[in-house]
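# quick check, what structure comes out for this input:
(chains A and B)
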Amino acid sequence: MSSHLLTVITFLPLLGVPALLLLRADDHTWIRRIALAISVAEFVISLFLLHGFDGVNAQYQFEEYYDWIARANIHYHLGVDGISLFLVLLTTFLTPLAILCSWQAIRENVKGFFIALLVIETAMIGVFVSLDLLLFFFFWELTLIPMYFLIGIWGHDRRIYAAVKFILYTMFGSILMLVAILWLYNLAGTFDVPDIQAKLQTGLVLLPSHTELLLFGAFFLAFAIKVPLFPLHTWLPDAHTEAPTAGSVILAGVMLKLGTYGMLRFCLPLFPDAAHRMAPYIGVLAIIGIVYGAMVATVQTDLKRLVAYTSVSHLGFVVLGIFAFSTISIQGAIFQMLSHGVSTGALFLGVGMLYDRRHTFEIKEFGGLVNPMPVLMSFFLFIALSSLALPPLNGFIGEFLILIGTFQGHHAWAAWAASGAVLSAIYLLWAYQRVGFGEVTVEKNRTLPDASGRERLILVTMAVAIIFMGVASPIFTRRMEVSTNNLLHQMERVQNVSRPATPEPAGKQSVISPGPRKNASLTKISLRHVQP
Amino acid sequence: MTPFPPEQLANFHRLAPEIILCVFGIAIMVADPFIQAAHKRALGWLAFIGTLAALAGVRILANDAPGTAYSGLIRADAFSVFVHVIVIGAAALAILGSFQYLDDENIQRGEYYALVLFATAGMGILAGANELVTAFIGLEMSSISTYVLAGFRRRALKSNEASLKYFVLGSFATAFFLYGIAMVYGATGTTRIDLISAALGKMVAEHGQVASFAILGLALMFVGLGFKVVAAPFQVYAPDVYEGAPTPVTALLASGPKAATFALMLRIFYVSFGSAGNFWFWAIWISAVLTMLVGNFAALVQTNVKRMLAYSSIAHAGYILVAFAAGTDIGITAVLFYLAAYALMKIGAFLVIAHLGQQGEKRLEITDYAGLGTKQPVLAVCFSLFLLSLLGLPATGGFLGKLFAFQAALDSKIVWLVVIAAINSVIGAYYYLRVIVAMYFWEPSKDYVPTKVAPSLTFALAIAAAGTLYLGLLPARVLEMAKTAADSLYLH
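Okay, here's the model as predicted:
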């Protein structure tokens, strides 16, 4: 409780910003080195989190709690549990790689680029460790601006369109979530997540089912856009394709998980009844996403767009696992979040390396690349196999757990979802075949240089992570298990409490407000101003 | 010097900021003929010192026990202090931002600064008025000064148009306000805000309702005040006037009078008519929705950045009205906090535009902002900060302003208005981001030659930017002051 480890981890990248600002704008070498040093240090420090984490404790750990805006009851409350722990580690793991892969690719406005990457790291970690709804929202919105600039400034041809589409989509979802957060505050009298959770669970605060559904909807919409869940996914292919490699890695690797994490942290434990009511529809959307994403990926002619669509498919699995409400499927969903972060991050890194050489993503521009670049393409194949869930690599564990967990309750869902696993083999292997095998059709490709030392470092790191997650999966799942069970336990409500039959009409002025409130001075002026 | 009787001294104390502003204004007018054209900027510094002195005067106001002055015409309380700081601070920033601009436009004159000070004094009176006719005098004082200021670029047709339009329509609006006062006087027999409250309370107790005369009077006053805060459907003049007026004047117009008039509206609606319940709720609700929609949708299609920001200030009046509709002390707190954050970010944004417009306000189109991020990085970062704050992004004052506004409205169970406001703020995101797109994502235009940012303007922008961040990250103190101010509104 007394340690400030989470604060250090959250704000360390931000410390790099003034350091970078002090450097000359054309001193590219040192800008890169300092950015890398900070992100590596960040990763090392975040390992202490893993070391100190107590796997059998279901409570939030490393908690920090201070007043931030006392009048508005907003607190600086941080903490991690088995769900967020590994997402923090995923973030700190991927950021150095994103910096490393931009070493040569980014040549203009280098300082701004690395500042944006560091700011986004702080924002993403902040989202995962915040236990105050407004603090969470604060970091949530803060992730948007650096990503907007990453896409808009350093992206490819249609970058402006993609950047604006990305930010408007996500903002639309999140602003309604803000309204829901404030509404929840008015009902529960606090922004503190564990506090609200306890009040809802013990029946101290009752949500009429109509209200619960609206609140669930507002939260879920924000997260579903972020994930993205079919049919809200249309921003994703554009954003991924147009972003620079580092942007895609961060976007696919971590930012999409902000959505699924939000579902786990807020939608399920706070609004369980609504979640159960909506689960059949959400499950169907997730399955459509799995199959549709896979089918659209199959027919892409642009390699990066193909990888982007695989995210739609893979994240469909995650959502399915979450809304199957079983310990195994949710554990699988969390694991899949991590393994998708690593595998798809690695795929984007590999695609980025091809782009650095040929400045195109068109599949037909490649072909027969294994001959000029045996090392790079071998690693590429390995990553593709991990992404298509080959046992015993990381992708397999997540999908398998999700399918088992889902099968327990919904046979049909699991059957449909399993077809996505087959389709993923089709699109990835077919794409690999067109890129890597056959004759070299384009003359330029004959002389392409193989992976450089820096690129080998990236690829080996990724491959080690992939194997490690595959064979040592209990290290992860053991730490998730208690938190997952706790999550499912939090979804249970005190049963014999009667709910108010009619919800209060919205838009009307009413003096009575349900639930206890911390602001005692909320009397309406109509009451207060009857002069003696 | 003979000592003043204590009662008279208390009166002076409670009117200290206005007295100081007027004294400096008159001093500038007197000194003006004796100062050579080349040194007119000294008068600007004098005016800036005047605003600082007036801020010191606000301290006198704050240190005195709250109470009324001049037989109840003026009220000195924490509320008045809060609004005074906003309007005088706004004037100080606008003055700092004017030096270079007036030089460039070749209209560096003493009366400009004198008029700014007189307008500010008028706004100060509005903030503290406890009597409707006094409020009317304050309104006229600030209006007439700003009519002249709007036309200060005498040779520019647009400026003339702005001035004339503002004058004609503004006169109408103040006439409505005066008519409303007459009606309320007819219904209640008094023009003092606190006594109206008592009279209406008695009326409600005896007859169960408010006389229709009083309601009509309130409606007419809302027309006049709605004009000043640019609430729809009385906003039609604003885009032309804001676009035509010299940009530092626009900065002042968009922040000061709006804050002062909202302050008066709070006193009239919450205090005078507070005893009669929130019967005005739906009028504010409809006006808020219209204001947000008109402001945001019209701003979407603008290509002139100055005009776009004019529409954006209409939209922001709508967000403030959302908090206003709450009808609680949380609502007042939210309005006050919003006004403070809004003044900082809006003045900052307009001052950046004033600088980038260059001589003759030529460069106001969005295409003129292309590539500013590489040509003038610091200025571009500043402008982005103000735009993101106007958009309502976390870590800026604009976000917390919106947050508290929404919270206040939700607290009063006004859910749909908040949903509409939330959707509106996403619509707003599009046009604010478009400017950022131009600044950072477009290729720089070749013909653009950056001009040096004057130190005074740098100073003003630094204050505005630091203030915007301060309110966004560490709002606790200001929020506490706003809360105290809101509470003081009711202490009679």
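
# shouldn't residue B:354 be in contact with residue B:251?
Yes - the pair residue B:354 and residue B:251 qualifies as a contact (CB atoms under 8 Å) at a distance of 7.1 Å. In this view, the C-beta of every residue, glycine as well, is placed from N, C-alpha and C.

# identify the contacts common to the two.
residue B:97 (CB atoms under 8 Å, 6 or more residues apart in numbering or on different chains).

# looking at these two, which one has more neighbours?
residue B:251 (31 against 25; other CB atoms under 10 Å in any protein chain shown).

# so the more buried one: helix, strand or coil?
What DSSP: H, G, I helix; E, B strand; the rest coil gives for residue B:251 is helix.

# dump the residue contacts of it.
With CB under 8 Å, 6+ apart, residue B:251 has these contacts: B:90, B:93-94, B:97, B:346-347, B:350-351, B:354.

# ok, the residues you listed vs chain A, which is closest?
Nearest to chain A out of the contacts of residue B:251 is residue B:346 (CB to the nearest CB; 20.3 Å).

# the closest one sits in which helix or strand?
For residue B:346, the host element (DSSP states H and E) is helix B:329-356.

# next structured bit after that helix?
helix B:372-375.

# for residue B:129, give its distance to chain A.
According to CB to the nearest CB, to the nearest Å, residue B:129 and chain A sit 19 Å apart.

# then residue B:121?
30 Å.

# can you tell me the closest non-neighbouring residue to that residue?
residue B:21 (4.1 Å; CB to CB, 6 or more residues apart in numbering or on different chains).

# same question, residue A:396
In space, residue A:396 is closest to residue A:389, 4.5 Å off (CB to CB, 6+ apart).

# coming back round to it: any idea how far the residue nearest to residue B:121 is from residue A:148?
43 Å (CB to CB, to the nearest Å).

# who has more neighbours, the two?
Between residue B:21 and residue A:148, counted using other CB under 10 Å, the more crowded position is residue B:21 (29 against 24).

# ok so, going back, now for the contacts of residue B:251: which two are most distant?
Within the contacts of residue B:251, two members stand farthest from each other by CB to CB: B:90 and B:354, at 14.4 Å.

# returning to what we had before: quick check, the residue nearest to residue A:396 in contact with residue A:424.
Yes - Residue A:389 lies in contact with residue A:424 (CB under 8 Å); the separation is 6.7 Å.

# sorry, back to before: quick one: which of the contacts of residue B:251 is nearest residue A:100?
Checking these against residue A:100 by CB to CB gives residue B:351 as the nearest, at 41.7 Å.

# ok, how many other residues are close to that closest one?
29.

# repeat for residue A:365
A total of 17 residues lie near residue A:365 under the criterion other CB under 10 Å.

# got the contact list for it?
A:358, A:442, A:445.

# over to residue A:89?
A:46-47, A:49-50.

# what does residue A:254 give?
Counting by CB under 8 Å, 6+ apart, residue A:254 has contacts A:87, A:90-91, A:94, A:124, A:341.

# just the ones in helices from these, please.
A:87, A:90-91, A:94, A:124, A:341 (DSSP state H).

# what is the nearest of these to chain B?
Taking the ones in helices among the contacts of residue A:254 together and measuring to chain B by CB to the nearest CB, the closest member is residue A:124, at 14.1 Å.

# would you check that the closest one makes contact with residue A:144?
No - judged on CB under 8 Å, residue A:124 makes no contact with residue A:144 at a distance of 11.2 Å.

# of these two, who's got more company?
residue A:124 (32 against 20).

# name the residues of the stretch 101-250 of chain B found near chain A, please.
Residues of the stretch 101-250 of chain B lying near chain A by CB under 8 Å from any CB of the partner chain: B:197-198, B:201-202, B:204-205.

# contacts only, for the closest residue to residue A:469 other than its chain neighbours.
Once flanking residues are discounted, residue A:469 sits nearest to residue A:394: 3.6 Å by CB to CB, 6+ apart. For residue A:394, the contacting residues are A:335, A:338-339, A:342-343, A:386, A:465-467, A:469-470, A:473, by CB under 8 Å, 6+ apart.

# and those, which of them are buried?
A:335, A:338-339, A:342-343, A:386, A:465-466, A:469-470, A:473 (16 or more other CB atoms under 10 Å in any protein chain shown).

# what sits against the closest residue in space to residue B:199 that isn't next to it in sequence?
Closest residue in space to residue B:199, ignoring its immediate chain neighbours: residue B:188 at 3.9 Å, by CB to CB, 6+ apart. Residue B:188 makes contact with B:195-196, B:199-200, B:203, B:214, according to CB under 8 Å, 6+ apart.
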